[in-house]
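S.K.: Provided below are the primary sequence and the corresponding predicted coordinates.
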Amino acid sequence: MIKQTGTIDAIVAINPDAQVTVHTPRDGEETIEWLKGTSEISQSDIDAKKVELETEWDAQEYARNRASEYPSNGDQWDMIYKDNKNSTTTHADAVETVKTKWPKDNSGPV
């Protein structure tokens, strides 16, 4: 998953059909070139969308952390099969360990 909080990401989130070029010279003062009749979006709307995208990204940190720690799909299927065969809870225990370590409130690792 790639963090999307740049100017182009914000513009496309507002208008998926937008065609733009963003120029950022060395002084850091970026300019937006609106192409092929794309209606301009105000800088304040772009900035607000950047903040919204950043907030959404930050809120999903726990999910990204969990995804990297869960057992592989093959290992999980094997655990499920063996749990069904042996009346055990290996799979549920493995998943719960990751969920406990990385709670949804992003307070992990616990």
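M.R.: Looks like it came in fine. Numbers count the residues shown, from 1 in each chain.

S.K.: Going by C-alpha atoms from here, please, whenever you check contacts or count neighbours.
M.R.: Will do.

S.K.: Quick check, Ile41 in contact with Ile11.
M.R.: Yes. In this structure Ile41 lies within contact range of Ile11 using C-alpha atoms under 8 Å: 7.5 Å.

S.K.: Pick out whichever of the two has more residues nearby.
M.R.: A count of neighbours by other C-alpha atoms under 10 Å puts Ile11 above the other of Ile41 and Ile11, at 24 against 14.

S.K.: Let me see the contact set for the nearest residue to the more buried one once chain neighbours are set aside.
M.R.: Leaving out its chain neighbours, the residue that sits closest to Ile11 by C-alpha to C-alpha, 6 or more residues apart in numbering is Ile46, at 6.2 Å. For Ile46, the contacting residues are 7, 10-11, by C-alpha atoms under 8 Å, 6 or more residues apart in numbering.

S.K.: do the same with Gly28
M.R.: Gly28 neighbours (C-alpha under 8 Å, 6+ apart): none.

S.K.: Mind listing residues that contact the helix or strand in which Ala67 is found?
M.R.: Using DSSP states H and E, Ala67 maps to helix 61-69. For helix 61-69, contacts defined as C-alpha under 8 Å, 6+ apart pick out 1, 98-99, 102-106, 108.

S.K.: cutoff 7 Å now
M.R.: Under the criterion C-alpha atoms under 7 Å, 6 or more residues apart in numbering, residues 98-99, 102-104, 106 lie in contact with helix 61-69.

S.K.: For the helix or strand hosting Asp93, buried residues please.
M.R.: Using DSSP H and E, the element containing Asp93 is helix 90-101. Neighbour counts over helix 90-101 (16 or more other C-alpha atoms under 10 Å) mark 90-91, 98-99, 101 as buried.
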